[in-house]
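Asks: how would this look folded up:
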Amino acid sequence: MTRDVFVLVESNTTGTGRLFPVAARGLGLHPVLLAADPSRYASVGGAEVVPADTDSVEAVVAACRRIGAERRVAGVATSSDYYVETAAAAATALGLPANAPADLAAVRDKGVQRRRLAEGGVRVPRFVVADTVEQVLTAAEEIGYPVVVKPVTGSGSLGVLLCADPAGAARHAEAVLARGHNERGRPVPRRVTVEEFVAGPEYSAEILNGVVVGITAKHLGAPPLFVETGHDFPAGLPPAERTAVATAATDAVRVLGLGLGPVHVELRVGRDGPVLIEVNPRLAGGWIPRLVQEATGVDLILKTVEAFSGRSSTVDATNSGGAAIRFVMAEGDGVLRGVDGMAEASAVAGVIDVETYREPGAEITVAGDFRDRIGHVLARGASAAEAAEAAEAGVRRVRPVLAAREEALA
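Replies: As a prediction, this is how the structure comes out:
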């Protein structure tokens with residue numbers, strides 16, 4: 001019997017991106033991945049890869065209609081932050097479940113998102129959108145240093161920097177505003193947000209169909225960068241604080257019109273309570289869906305495919321535990337000779353997964369964002385604190401071995 005098709009518009013090539021086709025097959029659906037460059041996807045969960053101009057909604061719709069001539073298309077979605085608008089617009093054109101493309105366009109522009117949240121009564125940092133270095137410096141003076149300067153689009157801490165003074169703000173703004181394309185070669189707006197820095201611990205609320213599944217405690221590297229070095233789930237928050245974080249996150253989702261599927265909401269808890277940092281209309285990265293599944297039994301990837309294929313998608317936890325991940329971070333540039341200590345990390349009680357993302361011979365360049373992660377140690381425990389202790393113990397045993405580029409070429 002011919003199976004219905006679940007279409008993915010591009011995909012993350014690392015992390016949980018490759019698990020979407022697996023989830024689709026688990027629901028009896030045939031996964032098809034539309035890709036502008038099929039060579040990027042040597043292996044993405046065994047999906048059928050079909051060439052298409054994924055920068056064009058019309059081309060994606062046409063590809064889906066060709067597929068639909070032989071098999072029913074049950075849903076269109078993506079695991080990639082860059083293609084959520086395209087997937088939603090295509091799904092809407094085909095009469096399939098989706099959030100409104102206009103709402104997604106507003107959310108993906110951090111300046112527009114901030115404005116809509118503030119107008120909707122959701123607390124956000126003071127901010128200004130700027131498209132020149134002069135505007136950045138004027139805004140920073142008004143807000144007060146230090147300020148966070150970041151591009152209006154993007155994810156994974158790309159281009160995000162805490163600037164302590166005018167010289168640093170000008171230097172960083174000039175570099176970001178000069179970028180016309182992102183790492184996938186897609187054009188990006190030459191605008192940045194200049195934001196008040198909110199001191200306090202950072203969390204993310206993982207939301208599905210408007211409901212908070214849980215809250216993640218996030219670990220970041222040293223300022224002025226915002227690289228995420230680990231996560232604990234569920235966050236060990238007092239009940240009142242957890243309620244405040246969950247309420248702020250669900251208010252944000254409501255104001256932005258993101259009632260279908262997953263949303264990853266990042267917040268900081270400052271002196272006066274939660275402040276919305278960012279809303280992402282997709283599943284979390286950094287293996288957070290895996291942490292949720294290990295801790296609760298809830299498979300957010302499967303639930304996402306259910307939601308976008310029109311199936312009932314409720315969340316019922318079957319476990320009550322904790323999970324944590326710590327990333328192996330690149331601490332310097334060079335050529336990766338290997339990674340020592342993998343077996344020792346795997347032997348730590350509670351550790352269930354140790355993985356490296358780079359092969360020996362890979363060139364390592366510290367970028368100050370998610371690309372600095374070269375592996376991880378993931379642990380499970382009776383609580384998030386127990387899992388975190390195991391993940392920390394494991395990652396301390398992992399030792400990347402780097403050689404200078406000149407030495408590697410000798």
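Asks: now the residue nearest to residue 125 when sequence neighbours are not counted: how far from residue 132?
Replies: Closest residue to residue 125 apart from its sequence neighbours, by Cβ to Cβ, 6 or more residues apart in numbering: residue 196 at 4.0 Å. For the C-beta atoms, the positions are set from N, CA and C on the backbone; glycine is no exception. Noted for residue 196: a distance of 20 Å to residue 132, by Cβ to Cβ, to the nearest Å.
Asks: Those two: which has the busier surroundings?
Replies: Just comparing residue 196 and residue 132: by other Cβ atoms under 10 Å the higher neighbour count belongs to residue 196, 17 against 14.
Asks: Just to check, that one is in contact with residue 114?
Replies: No: Residue 196 is beyond contact range of residue 114, at 11.0 Å (criterion: Cβ atoms under 8 Å).
Asks: intersection of neighbour lists for the two?
Replies: Common neighbours of residue 196 and residue 114, counting by Cβ atoms under 8 Å, 6 or more residues apart in numbering, are residue 127.
Asks: In stretch 289-301, which of the residues would be classed as buried?
Replies: 289-296, 298-301 (16 or more other Cβ atoms under 10 Å).
Asks: Show the pLDDT at residue 154.
Replies: Residue 154 carries a pLDDT score of 77 in this model.
Asks: Residue 55 versus that one, what's the distance?
Replies: Taken as Cβ to Cβ, the span from residue 154 to residue 55 is 17 Å.
Asks: who has more neighbours, the two?
Replies: Counted by other Cβ under 10 Å, residue 154 and residue 55 do not tie: residue 154 has more neighbours, with 20 against 16.
Asks: which one is the spatially most central residue of the chain nearest to, not counting chain neighbours?
Replies: The centroid of the chain falls nearest to residue 285 when counting by Cα atoms, centre = their mean (3.5 Å). In this structure, residue 285 finds its nearest non-sequential neighbour in residue 15, 5.7 Å apart by Cβ to Cβ, 6+ apart.
Asks: Look up phi and psi at the one you found.
Replies: phi 60, psi -140 (degrees, to the nearest 10).
Asks: burial of it, as a residue count?
Replies: With other Cβ under 10 Å as criterion, residue 15 counts 20.
Asks: for it, what are its contacts?
Replies: 285-287.
Asks: Quick check: it vs residue 313, distance?
Replies: From residue 15 to residue 313 the distance is 21 Å (Cβ to Cβ).
Asks: now residue 110
Replies: 28 Å.
Asks: okay, residue 185: pLDDT?
Replies: Residue 185 is assigned a predicted lDDT (pLDDT) of 71.
Asks: you'd agree it is in a helix?
Replies: No: counting by DSSP: H, G, I helix; E, B strand; the rest coil, residue 185 is not found in a helix; it is coil.
Asks: of residue 110 and residue 313, who's got more company?
Replies: Neighbour count, other Cβ under 10 Å: between residue 110 and residue 313, residue 110 has more, with 23 against 18.
Asks: residues in contact with the nearest residue to the more buried one once chain neighbours are set aside?
Replies: Excluding its sequence neighbours, the residue lying closest to residue 110 (Cβ to Cβ, 6+ apart) is residue 152, at 4.7 Å. Residue 152 makes contact with 109-112, 129, 189, 191-193 under the criterion Cβ under 8 Å, 6+ apart.
Asks: now swap in residue 266 and tell me
Replies: 202-204, 218, 276-280.
Asks: now swap in residue 248 and tell me
Replies: So residue 248 contacts 122-123, 265, 267, 273-274, 276 (Cβ under 8 Å, 6+ apart).
Asks: In a strand, it, correct?
Replies: No: Residue 248 is assigned helix when assessed by three-state DSSP, not a strand.
Asks: ranges for the helices of this protein?
Replies: 20-26, 57-68, 84-93, 101-108, 110-119, 133-143, 166-177, 239-256, 288-296, 300-308, 342-346, 384-396, 405-409 (DSSP state H).
Asks: ok, residue 334 touching residue 364?
Replies: Yes: the pair residue 334 and residue 364 passes the contact test of Cβ under 8 Å, sitting 5.6 Å apart.
Asks: and for those two, which residues touch both?
Replies: Common neighbours of residue 334 and residue 364 (Cβ under 8 Å, 6+ apart) are residue 402.
Asks: Residue 7 - nearest residue in space that isn't next to it in sequence?
Replies: residue 76 (4.6 Å).
Asks: Against residue 118, how distant is residue 112?
Replies: On the measure of Cβ to Cβ, residue 112 and residue 118 end up 11 Å apart.
Asks: before we move on, back to that, tell me which residues touch the residue nearest to residue 125, please.
Replies: Contact analysis of residue 196 by Cβ under 8 Å, 6+ apart lists 125-127, 143-144, 147-148.
Asks: for it, which residues make a bridge with it?
Replies: Listed by DSSP bridges, the beta-bridge partners for residue 196 are residue 147.
Asks: Quick check: the gap between it and residue 322.
Replies: Residue 196 is 32 Å from residue 322, by Cβ to Cβ.
Asks: Just want the phi and psi numbers for the residue nearest to the centre of the chain.
Replies: With angles defined as degrees, to the nearest 10, residue 285 sits at phi -90, psi -160.
Asks: how near is it to residue 373?
Replies: Computed as Cβ to Cβ, the residue 285 to residue 373 distance reads 10 Å.
Asks: Kindly report the same for residue 166.
Replies: 32 Å.
Asks: out of the two, which sits in the more crowded spot?
Replies: A direct count of neighbours by other Cβ under 10 Å for residue 166 and residue 373 places residue 373 higher, at 22 against 14.
Asks: OK, contacts around the more buried one?
Replies: Residue 373 is in contact with 327-330, 357, counting by Cβ under 8 Å, 6+ apart.
Asks: which among those residues end up buried?
Replies: 327-330.
Asks: residue ranges for the strands of the stretch 201-350 of the chain, please.
Replies: Listed in chain order, the strands of the stretch 201-350 of the chain (DSSP state E, counting those that start in this stretch) span 202-208, 211-220, 228-233, 262-270, 273-280, 322-329, 334-340.
Asks: helices or strands next to the longest one in the packing?
Replies: Contact analysis of strand 211-220 by 3 or more Cβ pairs under 8 Å, 6 or more residues apart in numbering; DSSP states H and E lists strand 202-208, strand 228-233, helix 239-256, helix 288-296 as its packing neighbours.
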